[in-house]
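Peer 1: with the sequence up front, the predicted model follows.
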Amino acid sequence: QVQLVESGGGLVQAGGSLRLSCAASGRTFSLYFMGWFRQAPGKSREFLTGIRRSGGDTYYADSVKGRFTISRDNAKNTVYLQMNSLKPEDTAVYYCVAGERDYDYDYWGQGTQVTVSS
């Protein structure tokens, strides 16, 4: 099992940037697929991006492609989400997920709030 703790959320103006971090503890981090979801008020949870266990293959939803970048540092047991060119519609709670297989979402963090002002 793995425990996930997100950090780095906050308030930013439109056009700005934030970097979210997700620190993992428990079993060997490199064994897990990692990803990020978000949930805006009144909307369903949206899968944004994932990175395979090897770190060599990533996926992005159309809504964030070209603006967000996922990366992982297996030595630090951490996955990152670099968010650039933020828009008010990016306002949401962002969740880190880990899976025992690629694109499984077995474990979830508690979420971190991102608010983008216009």
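Peer 2: That came through, no problem. Numbering: from 1, shown residues only.

Peer 1: this structure: strands as residue ranges?
Peer 2: Secondary structure of the chain (DSSP state E): strands at 2-7, 10-13, 18-26, 33-39, 46-51, 58-60, 68-73, 78-83, 92-99, 107-108, 112-117.

Peer 1: state the distance from residue 78 to residue 51.
Peer 2: 12 Å (C-beta to C-beta, to the nearest Å). Any C-beta I mention is one placed from the backbone N, CA and C, and that applies to glycine too.

Peer 1: re earlier: need the strands of the chain in JSON lines with mean pLDDT, can you?
Peer 2: Listed next are the strands of the chain as JSON lines, based on pLDDT from 0 to 100:
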{"stretch": "strand 2-7", "mean pLDDT": "95"}
{"stretch": "strand 10-13", "mean pLDDT": "98"}
{"stretch": "strand 18-26", "mean pLDDT": "95"}
{"stretch": "strand 33-39", "mean pLDDT": "97"}
{"stretch": "strand 46-51", "mean pLDDT": "97"}
{"stretch": "strand 58-60", "mean pLDDT": "96"}
{"stretch": "strand 68-73", "mean pLDDT": "95"}
{"stretch": "strand 78-83", "mean pLDDT": "97"}
{"stretch": "strand 92-99", "mean pLDDT": "97"}
{"stretch": "strand 107-108", "mean pLDDT": "96"}
{"stretch": "strand 112-117", "mean pLDDT": "98"}
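
Peer 1: residue contacts, the residue sitting nearest the centre point of the chain?
Peer 2: Residue closest to the average C-alpha location in the chain (C-alpha atoms, centre = their mean): residue 36, at 3.0 Å. By C-beta atoms under 8 Å, 6 or more residues apart in numbering, the contact set of residue 36 is 20, 22, 48, 49, 50, 70, 79, 81, 94, 95, 96, 97.

Peer 1: ok, now with 7 Å
Peer 2: 48, 49, 70, 81, 94, 95, 96 (C-beta atoms under 7 Å, 6 or more residues apart in numbering).
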